[in-house]
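Engineer: Make a model of this:
(one chain, ligands or ions: 1)
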Amino acid sequence: MNVISGTEAILAFSGVSVEFGGVKALANVSFSVPKGQICGVIGPNGAGKTTLFNTVSRLQRVTRGTVSVNGRDLSAYAPHDLPQLGVARTFQHVGLFSSMPVFDNVMVGAAAPWAAKWTTRYLGFPPSPRIERRIREQTELMLERLNLNELSDKRTDELPFGSAKRVELARALAAKPQLLMLDEPAGGLTQEEVLGFGEFIAEVAKEMQITVVIVEHNMGLVSSLCDRLVVLDHGEIVADGNVAETLASEAVQNAYFGTGS
Ligand SMILES: Nc1ncnc2c1ncn2[C@@H]1O[C@H](COP(=O)(O)OP(=O)(O)OP(=O)(O)O)[C@@H](O)[C@H]1O
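Structural biologist: Predicted structure coming up:
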């Protein structure tokens, strides 16, 4: 498929298949995402988007093929290793610690790369005061960047949905990822919130030099935000390229509406 050459890839899928019994959720998917790109993954319900995401988060094993980040084959890693590899994600249904205040939720993200170190995980070394200070500073920075300062002490289950989504994003960004995976970030947001969200992601991706892969049904967001679209249908890539051409392609019309000739 469309493996981009000449630019260093941060994420690469090579011949990835995932099968559930007789169901082929992904069938021989290959593409790579160069550093700095905002890549949208779209497709009708059941196309394999979440499965694709989960192979990166290590929540889903591949039946065949390889998923790699910065050239490292992810099969050697567990989900808790991802912050150290520079990968952060958000979930389709907000995945916050509901009884904890906003500040602590974001601090979990800021502490994640440090917490994933083997000296912490296996030997239980507590953070030094210097590291603890850095984690708190990073948390405060993200709260400010996402306009969450005023909500800092609120429990996350007391927040409106749009604010909870912002907290989840702050938590993911607090880990200073190189690769940010966003799973349907616009779901449940008002149209105004969606616009603001798209602008914010574009700004932050540039500012923090983050590569973004986004699964999204909201075509308005996808069109305004993404540099490129990969379209899945029945587990296969049916189109891959710039946004306008891809959306207008026969393969996409077929996948969504069954109207191509
Ligand atoms: N754990 C599972 N066991 C069996 N089949 C599964 C499992 N997870 C996904 N599938 C099937 O794999 C296919 C791809 O599902 P997936 O959730 O990845 O699609 P999707 O594009 O994310 O859909 P949606 O847009 O509805 O979220 C579907 O046919 C789905 O029913």
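Engineer: how much space between residue 83 and the ligand?
Structural biologist: 24 Å (CB to the nearest ligand atom, to the nearest Å). In this view, the C-beta of every residue, glycine as well, is placed from N, C-alpha and C.
Engineer: Residue 152 now?
Structural biologist: From residue 152 to the ligand the distance is 32 Å (CB to the nearest ligand atom).
Engineer: For that residue, report the pLDDT, please.
Structural biologist: At residue 152, the pLDDT value in this model is 88.
Engineer: so what's the closest residue to it other than its chain neighbours up against?
Structural biologist: Spatial nearest neighbour of residue 152, chain neighbours left out: residue 103 (4.6 Å); criterion: CB to CB, 6 or more residues apart in numbering. The neighbourhood of residue 103, defined by CB atoms under 8 Å, 6 or more residues apart in numbering, consists of 139, 143, 152-153.
Engineer: what about residue 103, distance to residue 16?
Structural biologist: To residue 16, residue 103 is 38 Å away according to CB to CB, to the nearest Å.
Engineer: so where's the stretch 51-200 of the chain shaky on pLDDT?
Structural biologist: Confidence mapping of the stretch 51-200 of the chain against pLDDT under 70 gives the ranges 92-94, 115-127.
Engineer: Residues of it that sit close to the ligand?
Structural biologist: Contacts of the stretch 51-200 of the chain with the ligand, taken as CB under 6 Å from any ligand atom, map to residue 51.
Engineer: Swap in 8 Å and give it another go.
Structural biologist: Contact residues (CB under 8 Å from any ligand atom) of the stretch 51-200 of the chain with the ligand: 51-54, 60, 92, 184.
Engineer: can you redo these as CSV with secondary structure and distance to residue 256?
Structural biologist: Listed next are those as CSV, based on DSSP: H, G, I helix; E, B strand; the rest coil; distance: CB to CB, whole Å:
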residue, secondary structure, distance to residue 256
51, helix, 19
52, helix, 18
53, helix, 20
54, helix, 23
60, coil, 24
92, coil, 19
184, coil, 16
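Engineer: so which strand or helix has the residue nearest to residue 152?
Structural biologist: helix 102-115 (DSSP states H and E).
Engineer: before we move on, what about residue 41?
Structural biologist: strand 38-42.
Engineer: Mind checking if that strand is in reach of the ligand?
Structural biologist: No. Applying CB under 8 Å from any ligand atom, one finds strand 38-42 separated from the ligand by no less than 8.6 Å.
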